[in-house]
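[1] after the sequence you'll find the predicted model.
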Amino acid sequence: MAGLQKIGRNDPCWCKSGKKYKHCHLNREAEKPLPTAALLNLNRQQFIKKECLHPHAAQGVCNGIIDAHTVQRARTLQSLLDSDNHVHTFYPAERDAGGLLKVHRKGWRKASTFTGFCGTHDSQTFAPLEVDAFRFSAESTFLLSYRALCHELYQKQGAARSLRQLAPLLDRGLPPLEQEEIQRRNEIQIAGNQKAVGELVSQKHWADQALLSQTYSDWRFVCLEFEGPLCIATCGAPTPTKDIEGNQLQVLHDPNNQLQHLYLSVVSCPVGAAVVLGWRKEFVAPEKMVESLLRLQNDMLATFIVQYVFAHLENVCFSESWWSTLDLKQQHHIRQLAGIANPYYTQPPYSTESLVPWKLASLHRYGEA
């Protein structure tokens, strides 16, 4: 660590924490490292914040923060239940002795929830999704995308809190050079996260205006309706970097580029499964990603979408009945996809093998100029 010996005890610490060196990294290599379980627990605590993300949220208006579902509880999660009213998920991520993600069973009332809305605004805002069976319309597709956006913002804000909380703890007991490398990586992560949060806040501002005005002309949606039993459900906001053919769409680490999100949901519909894809009309990357997806042969659409979901999103629930139909090789493949740390820089190993019993029934578009 260049120049470390020249740092005075009362000088600002080299790690840019804002603390004096004597209160930060002085003798850090002699400190006892925190157990992994303690670090994981601290990390999880940063993702539990109760706030209402509705644009009209205010004290006296919100009636209490709830465990709001990111995926519809009625019909969608109900379709995935086993005999004990549980769904399957890989989240929170835990690995077995072989390094593969463990499958968790989670009660459906707690599955795919976050404390991001009060009871009043959650029920009022998403009533068109929860009360009746899913209907293909500009409103319902927007609401699915809005929910995905809010959840992504909530998660990124939790990640920001986690990075700040864990930064001074991760290098305890390590030699100075390893401390420097860890703090360098933390600094990059914090900068990237701050950029993502700022841009999601801007996107939510646009989405709030559309929500309140019920005007969706600035948004684009593609909905794929599949016949066959619903076997997975999700809600997320990936930032596609390459299309199906491998063409570059956006560079995430470029600080001058605006992050372009694709809002992706898989929910129940009357004939089986609905895959809903939404994006801002001026965003080229998600549009090109969707158009490349639609160039796939119909019998490849479903299997690719399912693999893309597991590779890019954590917030995925699936049914035991579907999981048990996969052979060990297929289950291993799905676990590998779900365990990729960064699918934007490591190309996921997609398979052409059929993994879900879905047949394309219809395609709907909304918001086109």
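    Structure received.

[2] any weak-confidence spans in the stretch 1-150 of the chain?
    Residue ranges of the stretch 1-150 of the chain with pLDDT under 70: 1-5.

[3] ok, now with 90
    1-8, 15-18, 34-48, 60, 63, 72-75, 92-100, 108-110, 130-136 (pLDDT under 90).

[4] where do the helices sit along it?
    Here the stretch 1-150 of the chain has its helices, by DSSP state H, counting those that start in this stretch, at 36-45, 119-125, 127-130, 138-166.

[5] nearest to residue 328 among those would be which one?
    Set against residue 328 and scored by C-beta to C-beta, these come closest in helix 36-45, at 28.2 Å. For glycine as for every other residue, the C-beta is placed from the backbone atoms N, C-alpha and C.

[6] what angle separates the closest one from helix 138-166?
    Here helix 36-45 runs at an angle of 140 degrees relative to helix 138-166 (axes from the mean of the first three to the mean of the last three C-alpha atoms, to 10 degrees).

[7] sorry, back to before: for the helices of the stretch 1-150 of the chain, which one ends up most surrounded?
    helix 138-166 (a mean of 21; mean count of other C-beta atoms under 10 Å).

[8] what's the closest of the helices of the stretch 1-150 of the chain to residue 108?
    helix 127-130 (13.9 Å).

[9] show me where the stretch 251-369 of the chain has helices.
    Using DSSP H, counting those that start in this stretch, helices in the stretch 251-369 of the chain cover 284-294, 298-312, 320-323, 328-338.

[10] could you dump those to TSV with mean pLDDT?
    Putting these into TSV (pLDDT from 0 to 100) gives the following:
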stretch	mean pLDDT
helix 284-294	96
helix 298-312	95
helix 320-323	96
helix 328-338	96
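
[11] how about those helices in a markdown table, adding mean neighbour count?
    Shown next, in a markdown table, are the helices of the stretch 251-369 of the chain (neighbours: other C-beta atoms under 10 Å):
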| stretch | mean neighbour count |
| --- | --- |
| helix 284-294 | 19 |
| helix 298-312 | 20 |
| helix 320-323 | 17 |
| helix 328-338 | 17 |
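
[12] let's have the ones you listed in CSV, adding distance to residue 227.
    Shown next, in CSV, are the helices of the stretch 251-369 of the chain (distance: least, C-beta to C-beta, whole Å):
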stretch, distance to residue 227
helix 284-294, 18
helix 298-312, 10
helix 320-323, 15
helix 328-338, 21
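
[13] and of the ones you listed, who's closest to residue 142?
    With C-beta to C-beta as the measure, helix 284-294 is the member of the helices of the stretch 251-369 of the chain nearest residue 142 (14.8 Å).

[14] longest helix of this structure?
    Ranked by residue count and defined by DSSP state H, the top helix of the chain is helix 176-213.

[15] chain center to that helix, what's the gap?
    13 Å (C-alpha atoms, centre = their mean, to the nearest Å).

[16] after that helix, next one along is what?
    Per DSSP states H and E, the first helix or strand lying C-terminal to helix 176-213 is strand 219-227.

[17] list the buried ones in that following strand?
    For strand 219-227, a neighbour-count test (16 or more other C-beta atoms under 10 Å) marks 219, 220, 221, 222, 223, 224, 225, 226 as buried.

[18] fine by me, thanks again.
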